[in-house]
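Novice: This is a predicted model, with the sequence first.
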Amino acid sequence: MCVKHSIRNLQVKFLTYALGGADDYFGKDPTISHRRLHNEKGLRVEHFYAVVGHLQATLRELGVAEVSW
Ligand code: HEM
């Protein structure tokens, strides 16, 4: 995997956007990236919600203030 698409780099882009920063992800459409996992491995929307839930719990644990969008 090249640096541009490393997990770390993708996480930085995701967290930047999720926390209100720049949306500069121009990579593969995540719908396409996850299609095989959806079709063959049972990946569902609740798994994505689980990721978001873990992120929210971590931010709360770290004392990050909540904002309403
Ligand atoms: C908010 C949650 C998630 C986000 C934002 C996200 C985002 C992405 C993105 C952008 C890619 C494409 C990377 C690239 O092609 O350069 C990707 C690929 C992938 N994701 Fe996720 N993802 C999430 C959740 C998950 C979950 C829950 C799983 C499995 C449990 C998963 C497994 C994978 C795998 C295996 C790939 C590589 C697919 C391939 O190239 O064959 N992701 N994800």
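Specialist: Thanks, I have it.

Novice: make it CA atoms for all contacts and neighbour counts henceforth
Specialist: Will do.

Novice: how about the spatially most central residue of the chain, secondary structure?
Specialist: The chain has residue 14 as the residue nearest its centroid, 4.8 Å off, counting by C-alpha atoms, centre = their mean. Under DSSP: H, G, I helix; E, B strand; the rest coil, the three-state class of residue 14 is helix.

Novice: looking at this structure, which helix or strand does the model trust least?
Specialist: Least confident element among the helices and strands of the chain, by mean pLDDT, DSSP states H and E: helix 7-18 (a mean of 91).

Novice: tell me which strands and helices it is in contact with?
Specialist: Applying 3 or more C-alpha pairs under 8 Å, 6 or more residues apart in numbering; DSSP states H and E, one finds that helix 7-18 contacts no other helix or strand.

Novice: And that helix, what's buried?
Specialist: Buried positions in helix 7-18, judged by neighbour count with 16 or more other C-alpha atoms under 10 Å: 13-14.

Novice: who touches that helix?
Specialist: Here helix 7-18 makes contact (C-alpha atoms under 8 Å, 6 or more residues apart in numbering) with 3, 22-25.

Novice: farthest pair in those?
Specialist: For the contacts of helix 7-18, the farthest-apart pair by C-alpha to C-alpha is 3 and 22; their separation is 19.5 Å.

Novice: between the two, who's got more neighbours?
Specialist: Set side by side, residue 3 and residue 22 show more neighbours around residue 22, with 12 against 9, by other C-alpha atoms under 10 Å.

Novice: could you measure the residue nearest to that one when sequence neighbours are not counted against residue 42, distance?
Specialist: Leaving aside its sequence neighbours, residue 22 sits nearest to residue 16 (C-alpha to C-alpha, 6 or more residues apart in numbering; 6.5 Å). Distance of residue 16 to residue 42, computed by C-alpha to C-alpha, to the nearest Å: 28 Å.

Novice: hang on, the earlier thing: CA atoms only: put the least confident helix or strand of the chain into PDB for me.
Specialist: Output of helix 7-18 as PDB, limited to C-alpha atoms (Å, rounded to 0.1, in the frame of the first residue of the first chain):
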ATOM      1  CA  ILE A   7      -4.300   3.600   6.800                       C
ATOM      2  CA  ARG A   8      -2.800   6.400   8.800                       C
ATOM      3  CA  ASN A   9      -3.200   8.900   6.000                       C
ATOM      4  CA  LEU A  10      -6.800   7.800   5.400                       C
ATOM      5  CA  GLN A  11      -7.500   8.100   9.200                       C
ATOM      6  CA  VAL A  12      -6.100  11.600   9.200                       C
ATOM      7  CA  LYS A  13      -8.300  12.600   6.400                       C
ATOM      8  CA  PHE A  14     -11.400  11.000   8.000                       C
ATOM      9  CA  LEU A  15     -10.800  12.500  11.400                       C
ATOM     10  CA  THR A  16     -10.100  15.900   9.900                       C
ATOM     11  CA  TYR A  17     -13.400  15.900   8.000                       C
ATOM     12  CA  ALA A  18     -15.300  14.300  10.900                       C
END
